[in-house]
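Asker: build me a model from this:
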Amino acid sequence: MNSSLHLSLMKIRFFFSLLMINVFMITTSAQSQIIPCATTEYITYLNQQDPGIKNAIEETFFDAKRYSNLKFKKQKDTIYTIQVVFHVLYNNSAQNLNKNYILSQLQELNECFRRQNADTTETRDIFLPVAADAGIEFELAKLDPEGNPTTGIIRKPTVLPTFGQFPINLTSADRVKETTYGSPIWDPDRYLNIWICDLSVSGFDALLGYAYPPTNAENWNANSYATKSKQGVVVHYKVVGKENPLLLSTGSKTLVHEVGHYLGLRHIWGDGSRFQGCNVDDFMDDTPNSRAASNGCNLGQNTCLNNPGDLPDMIENYMDYSEGYCQNMFTEQQVGQMRSNLTLFRSGIATVRYPAPPPEISEYTAIYPNPVVDDITITLADIDSETDYQLEITNLLGQLVFKSKLEPVSSQTISGLNALRGMNVCKVLKKGEEILTEKILFQL
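Answerer: I've put the predicted structure just below:
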């Protein structure tokens, strides 16, 4: 072999090696850089499409915050039920999610927003005083925008194998809301639209979800194209459904996180960077400062340790990036913010339910409500202040599951019943003798 030919072959091999290294680096980047949430980037993208949206979102956030500070009560007097439509976009059978996965995802939303999920017992004691039930529930829409019966689940095939791109391209992802490639939005003033699709890149999981926060600030054109046609949440099909065999480590709480954004919450680290320190805020006083997003489930993490009086990072919070199995709470102020937005800016998507008023104090000993969500109230008749009263709750097998001393007062509320499920027997005892026995359903 002559020297010039040998040199040419070496150059070809060197060029081919560089090409393979570049392909490997691009593929590895797409594989390793899973982005749990792109809501912040989505706001930037929306502002490019329709200048002014970012400022409108900011103004709306603080309008809701001011209203929340005035109106929020720890004891919620209303329950909001949001009408949901799922748009399932699929290019293959794996993406066309089984209905049971969607139903289990809906259950996950309801449990987390009502603080009825079993893992609330994992909330650390230091955060229990601010952990809150949002009083927000979700149900599949029963009527479509034209008034026709619907299952609340829309399935549409798409010619696109994925809506994801690397680096993140939200123009590509948002095609899921267009007629050509996706499923057009249902009236965003009446429904929470959730699009489920493939957001992977080159076969690797990349973006997991993003949401559109409220943008109804004063002087903002709420009927602009971007506002009306893009409202809602988009999620990767591998983070939907507790029973989904493809479920990623972030789990089905990804949608809880994104719906939190949709209802006006920010990430708990305020979307700052590690280089900005601990001074970027989410404006919720009951979420401790943190330097940046968490990952994993590090209970000892405190990224703002030097801040006087700072608590550990609230990795339990749904608005962090910790693993799904670690997340189990919203705070009182976060709940107030979401309920404010449902009152001021997203009122059309929810119906309002008022709990049944308590019975007037009378000669009857009673237990209510039935079914029970969190607490029960007990009224006592013919009170003897020198007598011991007790509440005992047993399951249908007669096994004691809860016991509490009762005060000799006409009315009292018993808390700490979140873990109870299904039908149980409640007994009120006076001097150890039963004076009332009732079967009570604890919410499933």
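Asker: contacting residues around stretch 407-419?
Answerer: Applying CB atoms under 8 Å, 6 or more residues apart in numbering, the external contacts of stretch 407-419 come out as 115-116, 118, 120-121, 358, 361, 372, 374-380, 383-387, 389, 391, 393, 402, 404, 406, 442. The C-beta positions use only the backbone N, C-alpha and C, and glycine is treated the same way.
Asker: rerun at 6 Å
Answerer: With contact meaning CB atoms under 6 Å, 6 or more residues apart in numbering, stretch 407-419 is reached by 120, 361, 375-379, 383, 385, 404.
Asker: also stretch 310-325?
Answerer: Stretch 310-325 is contacted from outside by 36, 123, 249-251, 253, 256-257, 260, 265, 267-268, 287-290, 293-297, 301-304, 326-329, using CB under 6 Å, 6+ apart.
Asker: one more pass at 7 Å, please.
Answerer: Contacts to stretch 310-325, defined as CB atoms under 7 Å, 6 or more residues apart in numbering, come from residues 36, 112, 123-124, 126-127, 249-253, 256-257, 260, 265-268, 287-290, 293-298, 301-304, 326-330.
Asker: buried residues in that stretch?
Answerer: The neighbour-count check on stretch 310-325 (16 or more other CB atoms under 10 Å) flags 311-324 as buried.
Asker: dump the residue contacts of Ala173.
Answerer: Neighbouring residues of Ala173 by CB under 7 Å, 6+ apart: 163-164, 199, 207, 234.
Asker: scratch that, Asp189 is what I was asking about
Answerer: For Asp189, the contacting residues are Gly348, by CB under 7 Å, 6+ apart.
Asker: one more: Asn295?
Answerer: Here Asn295 is in contact with 321-322 (CB under 7 Å, 6+ apart).
Asker: wait, is it part of a strand?
Answerer: No - assessed with DSSP: H, G, I helix; E, B strand; the rest coil, Asn295 is coil; it does not lie in a strand.
Asker: that one and Leu305, how far apart?
Answerer: 18 Å (CB to CB, to the nearest Å).
Asker: before we move on, what about Val233?
Answerer: Distance, Val233 to Leu305, using CB to CB: 34 Å.
Asker: more neighbours: those two, which one.
Answerer: Legend: neighbour count by other CB atoms under 10 Å for Val233 and Leu305, higher for Val233 (24 against 11).
Asker: was I right to think the more buried one contacts Tyr262?
Answerer: Yes - judged on CB atoms under 7 Å, Val233 makes contact with Tyr262 at a distance of 5.4 Å.
Asker: where do the contact lists of the two overlap?
Answerer: Taking CB under 7 Å, 6+ apart as the criterion, Val233 and Tyr262 both touch Ala211.
Asker: end to end, how far does stretch 366-384 reach?
Answerer: Using CA to CA, to the nearest Å, the span of stretch 366-384 from its first residue to its last is 16 Å.
Asker: I'd like the mean pLDDT over that stretch, please.
Answerer: If you average the pLDDT over stretch 366-384, you get 84.
Asker: give me the contacts around it.
Answerer: For stretch 366-384, contacts defined as CB under 7 Å, 6+ apart pick out 114, 133, 355-356, 358-359, 361, 363-365, 389, 391, 406, 408, 410-415, 417-418, 426, 428, 436, 438, 440-443.
Asker: and those residues, which of them are buried?
Answerer: Among the contacts of stretch 366-384, those buried by neighbour count (16+ other CB under 10 Å) are 114, 133, 365, 389, 391, 406, 412, 414, 417-418, 426, 428, 436, 440, 442-443.
Asker: the helix or strand containing Leu89 - contacts with which helices or strands?
Answerer: Per DSSP states H and E, Leu89 falls inside strand 79-90. Strand 79-90 is packed against strand 136-140, strand 153-157, strand 192-197, strand 350-353, with contacts defined by 3 or more CB pairs under 7 Å, 6 or more residues apart in numbering; DSSP states H and E.
Asker: ok, that strand: who's next to it in the sheet?
Answerer: Paired neighbours of strand 79-90 in the sheet (DSSP bridges): strand 136-140 (parallel), strand 153-157 (parallel), strand 192-197 (parallel), strand 350-353 (antiparallel).
Asker: next structured bit after the longest one?
Answerer: Remark: after strand 192-197, the chain's next helix or strand is strand 209-211, criterion DSSP H and E.
Asker: packing partners for that following strand?
Answerer: With contacts defined as 3+ CB pairs under 7 Å, 6+ apart, strand 209-211 has these neighbours: helix 39-49, strand 233-236, helix 254-262.
Asker: let me know the pLDDT of the closest residue to Cys326 other than its chain neighbours.
Answerer: Excluding its sequence neighbours, the residue lying closest to Cys326 (CB to CB, 6 or more residues apart in numbering) is Cys297, at 3.7 Å. Per-residue pLDDT puts Cys297 at 91.
Asker: same question, Phe15
Answerer: Looking at Phe15, the pLDDT reads 35.
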